[in-house]
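A.B. asks: got a sequence here, can you build the structure:
(2 chains)
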Amino acid sequence: MFETIRLAKGVNVHVNETTQFKTINISIKFKDKLSKEKASARSILANVLQHSNEAYPSHTALRMVLDDLYGTSLYMDSSKRGNEHIVSLNVETVNDQYLSEEGVLEKVLNLMYLVLFKPNTEHGLFKESIFLREKNAVKERIESIFDDKTRYAQQRMMDLALPEHPASIPANGSIEEVEKISNEKLMEEYRTMIEANEVEIYAVGDVKPELIADYVRDYFHFADREKPVAAPSMELEKPAQQRVAEFEDMKQGKLHMAFFSPVTFRDEKFPVMQLLNGVFGGYAHSKLFVNIREKESMAYYVSSSYSSQFGLMFVLAGIDGKLEEKAVKLILEQLEEVKKGNITDVEFGQTKALLTNQLTEALDSARGQIDIYDQYMELTEDFEPDYLISRWNKITKEDIADAAKQLSLEMTYFLSGKESEIDA
Amino acid sequence: MHKVEFEQLDETLYHEKLGNGLEVFILPKKGFSKTFATFTTKYGSIDNHFVPRGEKEAIKVPDGIAHFLEHKMFEKEEGDIFQQFSKQGASANAYTSFTRTAYLFSATGQINENIETLLDFVQEPYFTEQTVEKEKGIIAQEITMYDDQPDWRLYFGIIENMYKNHPVKIDIAGTVDSIQDITAEHLYTCYNTFYHPSNMVLFVVGAVDPEQMMKLVKENQDRKTFEDAQEIERIFPEEPLEVAIKERVLNMSVQKPKVFVGIKPEKMDLQGEEMLKHELAAELAFELLFGRTSDFYHHAYEKNWIDESYSFDYSLENGFGYAIIGSDTAEPETLAAEIKHTIANAVEKWPFGQADLDRMRRKKIGFFLRALNSPEYIANQFTRYTFNGMNLFDVVPTLEEIEVADLQAAFSLVSAESQQSVFTIQSPDKKEAQ
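C.D. replies: The predicted structure is shown next:
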């Protein structure tokens, strides 16, 4: 799918030359070791760099030039995977074959260069007003999670279940850490990002791999760098509490459960966990959906998800504030069924069919191709869907039951309205 | 079968209107593995007052019924239709909007089987009192979930403010109380009135052979018998031009207050080319006035009146529409005043010229070409355009024709003070909100 060109130690260009899309997508990913401090600083950095630069010193000036380039989208974001924190510069621009103008791509690459290498500075620091404004923006983004009760409940559970563990560190860091970041510290993080981070550059579209590689080589001058040192062990420690109930001003009850599994992304049995998740609660044909939603009419959403980086399985359900106990009982009953190997041929076949469909489908978007390739790069050099499909097809129901038996429920978190508190 | 080539876009669209009235569109996408299909009826939450098929008197049905019906289409005597799609490796879903109910799937294999399943399950209703009762618990939880989402409340709050009588002011899913009144008989009445093929569009996009697909759809439809197509009589109340409520505050626990300014358009009966031109021109005008390169945005961001949640949108359908501008903000009153002020200034002295238009036009063309990478966008938008007598692929040529005067004319229809409303959400305890 992608052709890889190594530019320096720890710096690679991956290009998928294809006419499938009417646009060209480029992503530059900077990878570093995850910590709360890093995540906080790098989120501010992403905001500051996409705000403006030396050539386009105001937000308006930069956005106008993007509008002129046929509404080229350019944004930076902050994400995490396992022990890694990733800052990405993402660009999507129209293939000029569809336009009356030529040379759009070169202009876009030049803009990417300006964003990364010519930041808006004064006296060797980021422009103070922009720094302060963007620092505040990141703080407010973290605070706004409170307004989305599902995300809020999940974050609360993670904070309680695995404090200080990478699994509970949000990609945007924490309010306390964001507040601590100084302009000097941010400049230091910026230098580290450009000079020492592992860099993966992706391009998807009707573009020659050499063109991208040459441009990056000639203008970006990324020097050799070491891969970030392997992070300390990510052992999951048993939470101090097994069950926590909290209350907010709200109507629905949010039930979140966390299970530990010894199987992670790097494990041979990783594809078994994907199937287990599908059968248990990953789809509309799954045991949780069919039994808790359709048979019991208790929930609009009830599902499971598998966080492969850490070996965590979550179950989420939106239920009446008074029905926590009943819901937990029913959910565990369904897990018991999986453990006993009570999986029908239909459930088993449907899950494999949908996993396959989901994966193949994701590759029909440029962003999907980049994300999947970047994720699996660690396991295989040239990811093709069959890498997973062939593994899924070898799995038996017994394998799934065995994986289910290794799950341990470690935390039940319930967020509900203040009325349920009074009734309880 | 008609074949229309859009050379500039490198797309070919196939179309046929079948004998039973069903409009079928097929758009093959080169290089794609997946196929995405939507089967949509021109029937949404606003269609709550109508003359049922075969009757003479108009009836009113309970709020939330179109959405309820959408849920119940998936249940059949032999079981849940999601199971059938899963077996065939397809991800299925559905949604109900103010004006449409769409059933859809995406799959990378067994496309013929999945298309047959899609057509068959939507054309074979099965409702019983028992299954209807059972669904009420599920939908009640769905409504409760949305009730807890301040952004959803904000969106519906501003629409409720703007509209006095039009059913757009009613939440699409209804309320926990209103859905209790829904019966299987209601569902059949709505189904028989609005799910006739002549009121529906099938759109298939992706890895398909158009000839073979059209044949399959035709054969499927030929096997079924339908009553004759009939004009559907929908009744909408008179809606005054001015907004129903000028200002309203909802107390709800939020991190930061939220405010929307809504503007009701003056002309809400546009269709076809006229609608397309107005819609695009108004979008360009709002983009210039409130987009990320506008003086307003720059000023408001610097002053900390807006944050990353800031948004603006213009939406128009037959009979209703709205422009909405707003953000999470520590200063909702200042922000609302500033938005209104910006509109008033533009009314008094139109600030944009040819260079502004050219820049926005390029941006819009780029956005459109990007969107054409998405089968979901194409199918959903094409259907919406078709129901309003427009063609999605006319967007670029129409954009190219638009002049500065068109922007000003479109904006003048969505700007009067009497058409504006403000809706705010803030925590009951103001200290908490800071």
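
A.B. asks: what secondary structure does the residue in the stretch 201-350 of chain A positioned nearest to chain B sit in?
C.D. replies: Taking Cβ to the nearest Cβ, chain B has its nearest neighbour within the stretch 201-350 of chain A at A:Ser297, 3.3 Å off. C-beta here means a position set from N, CA and C on the backbone, and glycine is covered the same way. Per DSSP: H, G, I helix; E, B strand; the rest coil, the secondary structure class of A:Ser297 is coil.

A.B. asks: ok, now A:Val244?
C.D. replies: strand.

A.B. asks: show me where pLDDT drops low in the chain?
C.D. replies: Here I'm looking at chain A. By pLDDT under 70, the low-scoring segments of chain A are A:229-233, A:420-424.

A.B. asks: you answered for a different chain; I wanted chain B.
C.D. replies: Along chain B, the model assigns pLDDT under 70 to residues B:430-434.

A.B. asks: domain assignment for chain B?
C.D. replies: When chain B is parsed with automatic domain parsing, its domains come out as B:2-222, B:247-433.

A.B. asks: so how far does the first one reach from one end to the other?
C.D. replies: Read that as domain B:2-222. The first and final residues of domain B:2-222 sit 19 Å from each other (Cα to Cα, to the nearest Å).

A.B. asks: list the contacts for the residue nearest to B:Gly206 when sequence neighbours are not counted?
C.D. replies: Excluding its sequence neighbours, the residue lying closest to B:Gly206 (Cβ to Cβ, 6 or more residues apart in numbering or on different chains) is B:Thr35, at 3.6 Å. Going by Cβ atoms under 8 Å, 6 or more residues apart in numbering or on different chains, B:Thr35 touches B:106-108, B:111, B:114, B:204-208, B:375.

A.B. asks: repeat the analysis, applying 7 Å as the threshold.
C.D. replies: B:106-107, B:111, B:204, B:206-208 (Cβ atoms under 7 Å, 6 or more residues apart in numbering or on different chains).

A.B. asks: narrow the residues you listed to those in helices?
C.D. replies: Within the contacts of B:Thr35, residues falling in helices by DSSP state H are B:Ile111.

A.B. asks: how close does the residue nearest to B:Gly206 sit to B:Ile111?
C.D. replies: Separation of B:Thr35 from B:Ile111 (Cβ to Cβ, to the nearest Å): 5 Å.

A.B. asks: count the residues that sit near the nearest residue to B:Gln419 once chain neighbours are set aside.
C.D. replies: Nearest residue to B:Gln419 in three dimensions, chain neighbours excluded: B:Lys264, at 4.4 Å (Cβ to Cβ, 6+ apart). Residues near B:Lys264, counting by other Cβ atoms under 10 Å in any protein chain shown, number 27.

A.B. asks: surely A:Tyr215 is in a helix?
C.D. replies: Yes. Under three-state DSSP, A:Tyr215 sits within a helix.

A.B. asks: go ahead and confirm it touches A:Leu109.
C.D. replies: Yes. Between A:Tyr215 and A:Leu109 there is a contact at 5.1 Å, judged by Cβ atoms under 7 Å.

A.B. asks: one step back: any common contacting residues for B:Thr35 and B:Ile111?
C.D. replies: B:Val208.

A.B. asks: got the contact list for the residue of the stretch 201-350 of chain A closest to chain B?
C.D. replies: B:134, B:137-138.

A.B. asks: break chain A into its domains for me.
C.D. replies: Taken from automatic domain parsing, chain A resolves into A:3-220, A:243-423.

A.B. asks: ok, which residues in the stretch 251-400 of chain B are in contact with chain A?
C.D. replies: Within the stretch 251-400 of chain B, the positions near chain A by Cβ under 7 Å from any Cβ of the partner chain are B:253-256, B:292-293, B:298, B:307-309, B:328, B:359-360, B:362-367, B:369-370, B:372-373.

A.B. asks: for the residue positioned nearest the centre of chain B, give its distance to A:Ser88.
C.D. replies: Nearest to the geometric centre of chain B sits B:Ser97, at 5.3 Å (Cα atoms, centre = their mean). Per Cβ to Cβ, B:Ser97 is found 33 Å from A:Ser88.

A.B. asks: just B:Val414 next, same as before
C.D. replies: Shown here: B:Val414 relative to A:Ser88, a distance of 37 Å by Cβ to Cβ.

A.B. asks: now swap in A:Tyr376 and tell me
C.D. replies: 17 Å.

A.B. asks: between the two, which one's more packed in?
C.D. replies: Neighbour count, other Cβ under 10 Å: between A:Tyr376 and A:Ser88, A:Ser88 has more, with 19 against 16.

A.B. asks: kindly state the beta-bridge partners for that one.
C.D. replies: A:Lys29, A:Asp77 (DSSP bridges).

A.B. asks: that one is in contact with A:Lys29, isn't it?
C.D. replies: Yes. Using Cβ under 7 Å, A:Ser88 is in contact with A:Lys29, at 4.9 Å.

A.B. asks: for B:Glu239, find the nearest of the domains of chain B.
C.D. replies: domain B:2-222 (4.6 Å; Cβ to Cβ).

A.B. asks: mind listing the helices for the stretch 1-150 of chain B?
C.D. replies: Applying DSSP state H, counting those that start in this stretch to the stretch 1-150 of chain B gives helices spanning B:65-73, B:81-87, B:111-123, B:129-147, B:150-162.

A.B. asks: does any part of the shortest one sit near chain A?
C.D. replies: Put plainly, it is helix B:81-87. Yes. Using Cβ under 7 Å from any Cβ, helix B:81-87 reaches chain A at B:82-83, B:86-87.

A.B. asks: do the same with the first one
C.D. replies: No. Contact check for helix B:65-73 against chain A, using Cβ under 7 Å from any Cβ: none in range, with a minimum separation of 9.7 Å.

A.B. asks: so what touches that helix?
C.D. replies: B:43-45, B:47-48, B:94, B:96, B:101, B:103, B:121-122, B:125, B:127, B:131-132, B:135, B:139, B:172-173, B:179, B:182, B:186-187, B:190-191.

A.B. asks: for B:Glu133, grab the count of nearby residues.
C.D. replies: 14.

A.B. asks: what of B:Ile235?
C.D. replies: 12.

A.B. asks: find the nearest non-adjacent residue to it, please.
C.D. replies: B:His49 (4.4 Å).

A.B. asks: wait, what's in contact with that neighbour?
C.D. replies: B:58, B:60, B:234-235.

A.B. asks: just these now: which is nearest B:Gly157?
C.D. replies: B:Lys60 (23.9 Å).

A.B. asks: ok, residues contacting stretch B:265-273?
C.D. replies: B:241, B:278, B:316, B:318-321, B:388-390, B:413-414, B:419.

A.B. asks: just the buried residues out of these, in ChimeraX syntax.
C.D. replies: Buried residues among the contacts of stretch B:265-273 (16 or more other Cβ atoms under 10 Å in any protein chain shown), as a ChimeraX selection:
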select /B:278,316,318,319,320,321,388,390,413,414,419
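
A.B. asks: could you export the contacts of stretch B:265-273 as a markdown table, including secondary structure?
C.D. replies: Formatted as a markdown table, the contacts of stretch B:265-273 follow (three-state DSSP):
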| residue | secondary structure |
| --- | --- |
| B:Leu241 | coil |
| B:His278 | helix |
| B:Leu316 | strand |
| B:Asn318 | coil |
| B:Gly319 | coil |
| B:Phe320 | strand |
| B:Gly321 | strand |
| B:Asn388 | coil |
| B:Gly389 | coil |
| B:Met390 | coil |
| B:Leu413 | coil |
| B:Val414 | coil |
| B:Gln419 | helix |
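
A.B. asks: ok, back up a step: let me know whether the residue nearest to the centre of chain B touches B:Tyr43 as I believe.
C.D. replies: No. Using Cβ under 7 Å, B:Ser97 is not in contact with B:Tyr43, being 10.1 Å away.
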